[in-house]
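1. Have a look at this fold, sequence not included:
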């Protein structure tokens, strides 16, 4: 270890000691009862047993983004995370999931791996240093430096230069990101776009688009259909409602039947009539959402008008729909960063936004990406 590494370790030790009372206090809350003891006291958090391909990600969105890469590998992988939501999502991808320990503990926790792939901005000094000491190849994937954070990174460029000394390869999202990363000391940079856009929506059926303006309420949850119906007016065009969970189809059907009483609004269930001829259509079948996005002019994304976490905006943006979401899209922030032109609204604002919906700019994706160079890097390390 260099003198700087020793100094960094000692500072981490001091911070750790000072933070122990706060960590113990926060560990009592349901939200942190697993993550904090695992990260700071290694509770039920043993090192990875086997040397494998190791991914480190932060939270839910980043974990979702590595799924196409993990699915393309034949062997099981190791995944470390920071957040609870990331942990739960990572368990769907691998049986080897851990919370990444606090940096002070990493020298005792990290074992040699075939390759370490770290997602985006998880630039932990000790993570890369110890991995290199353990003779593990280190790769930063989907790297970007946003306009907002660029100046902050530059202020501490001396520190990031020390981090990038221990990163063998960087896969950046754009030329701008590459230039900024090089300023911070990154080397061996390859531009491959945004890997969150490496797997784009697929369509199974081709529907004929109605002549009217089409609004789709996609992946809606409890209370959201009622909010959307109460914001809808017949002159806006057709409203297609696609609930997230099939067990709620009949409840939403009754809700719509109650809403249309004495309003002169036509309605049918998609399972009974496979077209979009009515004013309101309830899609009470599974697997049609992307097919319907293709014929939609605007999409109201469910899951964010209640505290669910939101749903994927990439799908409607791929079809250049106008995209409207509630403010509770916390599980999808990483994907919203891939979309240009979307509206985040308060529940109370939805009715006014709906009246102006035709004037909203269509959304589009900021760029595409590929995972093939990452897979080559992984396979080359074996």
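-> Noted; the coordinates are in hand. Source: prediction; values computed, not measured. Residues are numbered from 1 along each chain as shown.
2. And this protein, what are its domain boundaries?
-> As assigned by automatic domain parsing, the chain contains the domains 3-194+369-380, 214-365.
3. Can you say which of these is nearest to residue 200?
-> Closest to residue 200 of the domains of the chain is domain 214-365 (C-beta to C-beta; 5.7 Å). For every residue, glycine as well, the C-beta is placed using N, CA and C.
4. what about that closest one, how long is it end to end?
-> Start-to-end span of domain 214-365 (C-alpha to C-alpha, to the nearest Å) is 20 Å.
5. Distance from the chain centre to it, please.
-> 20 Å (C-alpha atoms, centre = their mean, to the nearest Å).
6. re earlier: can you list the domains of the chain in a markdown table and add distance to residue 205 and mean pLDDT?
-> What follows is these, written out as a markdown table (distance: least, C-beta to C-beta, whole Å; pLDDT from 0 to 100):
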| stretch | distance to residue 205 | mean pLDDT |
| --- | --- | --- |
| domain 3-194+369-380 | 23 | 95 |
| domain 214-365 | 5 | 96 |
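7. For the residue of the chain positioned farthest from its centre, what is the enclosing helix or strand?
-> For the chain, the largest distance from the centre (C-alpha atoms, centre = their mean) belongs to residue 262, which lies 42.5 Å off. Assigned by DSSP states H and E, residue 262 falls within no helix or strand.
8. what are the phi and psi angles of it?
-> Dihedral angles of residue 262 (phi, psi; degrees, to the nearest 10) stand at phi 60, psi 20.
9. Which of the domains of the chain sits closest to residue 202?
-> domain 214-365 (6.6 Å).
10. show me what contacts the closest residue to residue 75 other than its chain neighbours?
-> Counting by C-beta to C-beta, 6 or more residues apart in numbering, residue 75 lies nearest to residue 52, which is 6.6 Å off, once chain neighbours are set aside. Residues in contact with residue 52 (C-beta atoms under 8 Å, 6 or more residues apart in numbering) are 75-78, 96, 113-114.
11. Buried ones among those residues?
-> The neighbour count (16 or more other C-beta atoms under 10 Å) marks 77-78, 96, 113-114 as buried among the contacts of residue 52.
12. Show me which of the residues you listed is closest to residue 28.
-> Nearest to residue 28, judged by C-beta to C-beta, of the buried ones among the contacts of residue 52 is residue 96 at 28.3 Å.
13. quick one: which of the buried ones among the contacts of residue 52 sit in strands?
-> Counted as lying in strands by DSSP state E, out of the buried ones among the contacts of residue 52, are 78, 96.
14. Tell me the buried residues in stretch 237-256?
-> The neighbour-count check on stretch 237-256 (16+ other C-beta under 10 Å) flags 237-244, 248-249, 252-253, 256 as buried.
15. which one of these is nearest residue 371?
-> Proximity of the buried residues of stretch 237-256 to residue 371 (C-beta to C-beta) peaks at residue 244, which lies at 27.5 Å.
16. Can you tell me the closest non-neighbouring residue to residue 173?
-> In this structure, residue 173 finds its nearest non-sequential neighbour in residue 144, 4.5 Å apart by C-beta to C-beta, 6+ apart.
17. how about that neighbour, what does it touch?
-> Residue 144 makes contacts with 120-121, 172-174, 177, 194, as judged by C-beta under 8 Å, 6+ apart.
18. Could you measure from it over to residue 195?
-> Counting by C-beta to C-beta, to the nearest Å, the separation of residue 144 from residue 195 is 11 Å.
19. List the contacts of the closest residue to residue 220 other than its chain neighbours.
-> Distance criterion C-beta to C-beta, 6+ apart; nearest residue to residue 220, sequence neighbours excluded, is residue 302 at 3.5 Å. Residue 302 is in contact with 217-221, 224, 243-244, 308, 311, counting by C-beta under 8 Å, 6+ apart.
20. For residue 176, pull up the helix or strand it's in.
-> Short version: residue 176 belongs to helix 175-183, going by DSSP H and E.
21. what's the burial count for the nearest residue to residue 183 once chain neighbours are set aside?
-> Distance criterion C-beta to C-beta, 6+ apart; nearest residue to residue 183, sequence neighbours excluded, is residue 157 at 6.6 Å. Using other C-beta atoms under 10 Å, residue 157 has 13 other residues around it.
22. my guess is residue 157 meets residue 181, correct?
-> No: using C-beta atoms under 8 Å, residue 157 is not in contact with residue 181, being 10.9 Å away.
23. residue ranges for the strands of the stretch 101-250 of the chain, please.
-> Secondary structure of the stretch 101-250 of the chain (DSSP state E, counting those that start in this stretch): strands at 115-119, 137-143, 169-172, 189-191, 214-220, 238-243.
24. Run the chain-centre distance for the second one.
-> When you say that, I think you mean strand 137-143. In terms of C-alpha atoms, centre = their mean, the centre of strand 137-143 is found 18 Å from the chain centre.
25. What angle do strand 115-119 and that strand make with each other?
-> With axes from the mean of the first three to the mean of the last three C-alpha atoms, to 10 degrees applied, the angle from strand 137-143 to strand 115-119 works out at 20 degrees.
26. Just checking: what are the partner strands of strand 137-143?
-> As defined by DSSP bridges, the strand partners of strand 137-143 come to strand 115-119 (parallel), strand 169-172 (parallel).
27. In TSV: the ones you listed, plus mean neighbour count and distance to residue 318.
-> Below are these laid out as TSV (neighbours: other C-beta atoms under 10 Å; distance: least, C-beta to C-beta, whole Å):
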stretch	mean neighbour count	distance to residue 318
strand 115-119	25	22
strand 169-172	23	22
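28. List the residues that contact residue 238.
-> Residues near residue 238 by C-beta under 8 Å, 6+ apart: 210, 212-215, 276, 278-281.
29. Enumerate the beta-bridge partners assigned to it.
-> Beta-bridge partners of residue 238, as defined by DSSP bridges: residue 214.
30. And for residue 143?
-> Bridge pairing for residue 143 (DSSP bridges) gives the partners residue 172.
31. my guess is residue 285 contacts residue 271, does it?
-> Yes: counting by C-beta under 8 Å, residue 271 is a contact partner of residue 285 at 5.4 Å.
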